[in-house]
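S.K.: coordinates only, no sequence provided:
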């Protein structure tokens, strides 16, 4: 398979997801597929990845992947860009906000025999949560260090 064909398969996957043609997107995933996702401890097999994808698909509508960089080498495609969507469904316990989100994403997909067999995905989860209005609080162990830092900055002024 040529690098041009490999690139076309990967871009078709993301376009099918954006077009909400989830069946077509999942048809491009091999049965022996494995996904490595930032923030998820264990690799996902094809079924677990589909479940993850459906939760995301259900929560975010009007999605659009826009890639500023696409690098193809042999049977691997690296895509770097942004993901935009509107939060119109429950996501990780958070009720819909109706907010438009835009996050940075980077993926590495490996293709064999016309199907994606491996996916490495990284998305700006903290940026997503901030855009949805979720505020993170420091752990109790960090509070003394934060107070000290604030006091030192205040005294130096």
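M.R.: Yep, that arrived. This is a predicted model, so every value here is computed, not measured.
S.K.: and stretch 103-118, how far out from the chain's middle?
M.R.: Distance of stretch 103-118 from the chain centroid (CA atoms, centre = their mean, to the nearest Å) equals 12 Å.
S.K.: enumerate the positions of it that are buried.
M.R.: Within stretch 103-118, the residues that count as buried by 16 or more other CB atoms under 10 Å are 103, 105-111, 115-118. Quick note: C-beta positions are derived from backbone N, CA and C, even for glycine.
S.K.: strands - which of the residues you listed land there?
M.R.: Residues of those located in strands (DSSP state E): 103, 105-111, 115-118.
S.K.: point to the residue nearest the middle of the chain.
M.R.: The centroid of the chain falls nearest to residue 123 when counting by CA atoms, centre = their mean (4.0 Å).
S.K.: tell me what that one is bridged to.
M.R.: In this entry, residue 123 is beta-bridged to residue 105, by DSSP bridges.
S.K.: so what's the backbone phi/psi at residue 90?
M.R.: When read as degrees, to the nearest 10, the backbone of residue 90 gives phi -60, psi 140.
S.K.: residues touching it, list them.
M.R.: If a contact means CB atoms under 8 Å, 6 or more residues apart in numbering, then residue 90 has 58-59, 96 as its contacts.
S.K.: between those, which has the most around it?
M.R.: Of all the contacts of residue 90, residue 59 has the most neighbours under the rule other CB atoms under 10 Å, reaching 18 neighbours.
S.K.: residues touching it, list them.
M.R.: Shown in contact with residue 59 (CB under 8 Å, 6+ apart): 87-91, 96.
S.K.: need the strands for the chain, in chain order.
M.R.: 29-37, 44-45, 60-73, 76-87, 100-112, 115-123.
S.K.: looking at the ones you listed, which is nearest to residue 146?
M.R.: Residue 146 lies closest, by CB to CB, to one member of the strands of the chain: strand 100-112, at 26.3 Å.
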